[in-house]
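Novice: Please work out how this folds:
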Amino acid sequence: MAGMLFFAYFSDIVGRRVGSVVVSFFMLVGSAVMTFTPFSGGSKSGIFTAFTIGFAILGFGIGGEYPLSSVSATERAEEFLSASKRGSYVVTVFTMQGLGALVGSSVLLVSVKLAKVNVLDCSNSKANALGYNTAVLGRVWRSVYIVGFWFLLLVILYRLFFTDESAAFSRRGAIAKSSLFAKFRDLHRFYFSRLFGTALSWFLWDVCFYGNKLFISSIISSLRTSDSLVGEERYILINNLVSLAGYILAILLVDRIGRRNMQAFGFTVLALVFLLVTLFFDYLESNSTVIMSFYLVTSFFGQLGPNATTYLLPAETFPTEVRSIAHGISAFSGKVLQAHQERSPCTRKSTFA
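Specialist: Numbers count the residues shown, from 1 in each chain. The predicted structure follows:
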């Protein structure tokens, strides 16, 4: 959340290219810390501290990637594409998030499979909170994060040597170099209604998205025929595949039916699904397959409607001078009430701890 606001303002001052390089650097360093921190020979508190620092650095960079990627894509689309194709271009950039989630879950599934992770055994002294061998999961962890590390290394090299500053930013007005207070003042004075709309819609979407994610582990647990971690990762892979299909359909439809219509349609479908689950909860509670089907529906239409449009609209709605900071504020608003929940059959709580 801090990265969203900091890099949003930072890129409005120094430019999209410099901002994107710095964001990539933070993500690369955070990923390196989590990939190469040794598990053996160190205290638990030391390892925990290292991983906390690594997560914080990575998260700070990821937060900045939201406004930087959207704003950069929008300004490049304005240079080379007609208005009828700009939305699909920006959403295509955003679709890389869905593709990355699918690739990440695929790498994790393959790693778990090759590591031959056995069923949980909470009584094993070497087991973690869920009963899995920590040494094996340590290798799985590194295999997943090292893939991300190499991708990030390629990204930062590309941005350093092959990315130019956007023409729209180069033509910006004097307000682009104004203070943070002046930018907030101008946003409030001239664009408050727009900012309220983009921030509120992102907030509502993230309430749905992260609220929905609270239940995925419980749903998958009820579906598994065994305690295999491989079985759990398969369902996560399926969910990411369905989500990617939603992203792709958003690319095809965003310039045809419009941003507002697509967002309203997605929110309507989500509301109807949540209403059905509420009304028939007693029946669905004993029918986990139907609940999982509803969950996949929300994943598909969530990416198709609210997720794609909340990312796109702030970049299109505001002028270049305040575009990045407005996008950062909108993204920040969506994370205000983000909640996390972990469930464990044993006394401890972390899968990989």
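
Novice: can you pull the contacts of the closest residue to residue 318 other than its chain neighbours?
Specialist: Nearest residue to residue 318 in three dimensions, chain neighbours excluded: residue 326, at 4.2 Å (CB to CB, 6 or more residues apart in numbering). To be clear about C-beta, it is placed using only N, CA and C from the backbone, and glycine gets the same treatment. By CB atoms under 8 Å, 6 or more residues apart in numbering, the contact set of residue 326 is 8, 187, 191, 194-195, 198, 314, 317-318.

Novice: swap in residue 244?
Specialist: By CB under 8 Å, 6+ apart, the neighbours of residue 244 are 95, 98-99, 101-102, 303.

Novice: Inside helices: which ones of those?
Specialist: Using DSSP state H, the subset of those located in helices is 95, 98-99, 101-102.

Novice: With distance to residue 83, neighbour count and secondary structure added, can I get the contacts of residue 326 in CSV?
Specialist: CSV is the format used below for those (distance: CB to CB, whole Å; neighbours: other CB atoms under 10 Å; DSSP: H, G, I helix; E, B strand; the rest coil):
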residue, distance to residue 83, neighbour count, secondary structure
8, 24, 29, helix
187, 24, 17, helix
191, 20, 17, coil
194, 18, 16, helix
195, 22, 23, helix
198, 19, 27, helix
314, 17, 31, helix
317, 14, 18, helix
318, 16, 23, coil
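
Novice: closest to residue 148 among the residues you listed?
Specialist: The closest of these to residue 148 turns out to be residue 8 (CB to CB; 23.3 Å).

Novice: can you pull the contacts of that closest one?
Specialist: 64, 67, 324-329, 331.

Novice: Return the two entries of those that lie farthest from one another.
Specialist: 64 and 326 (14.6 Å).

Novice: Please spell out the PyMOL selection for the buried subset of the ones in helices among the contacts of residue 244.
Specialist: To isolate the buried members of these in PyMOL, using 16 or more other CB atoms under 10 Å:
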select buried, resi 95+98+101+102
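
Novice: Do I have it right that residue 142 meets residue 35?
Specialist: Yes. Contact criterion CB atoms under 8 Å: residue 142 and residue 35 qualify, at 5.9 Å.

Novice: tell me, what's touching those two both at once?
Specialist: Counting by CB under 8 Å, 6+ apart, nothing touches both residue 142 and residue 35.

Novice: quick one on the thing from earlier: which of the contacts of residue 8 lies closest to residue 257?
Specialist: Of all the contacts of residue 8, residue 257 sits closest to residue 327, with 22.6 Å by CB to CB.

Novice: From residue 218, how far out is the closest one?
Specialist: Distance of residue 327 to residue 218, given as CB to CB, to the nearest Å: 34 Å.

Novice: Which of the contacts of residue 8 ranks first by neighbour count?
Specialist: residue 67 (34 neighbours; other CB atoms under 10 Å).

Novice: Assumed that residue was part of a helix.
Specialist: Yes. Counting by DSSP: H, G, I helix; E, B strand; the rest coil, residue 67 is located in a helix.

Novice: Can you tell me how far it is from residue 199?
Specialist: Residue 67 is 13 Å from residue 199, by CB to CB.

Novice: cool, residue 44 as well?
Specialist: 40 Å.

Novice: Ok, residue 232 next?
Specialist: 35 Å.

Novice: next one: residue 327
Specialist: From residue 327 to residue 199 the distance is 10 Å (CB to CB).

Novice: so where's the stretch 51-200 of the chain uncertain?
Specialist: 117-134, 172-180 (pLDDT under 70).

Novice: What average pLDDT does stretch 333-353 get?
Specialist: Throughout stretch 333-353, pLDDT has a mean value of 50.
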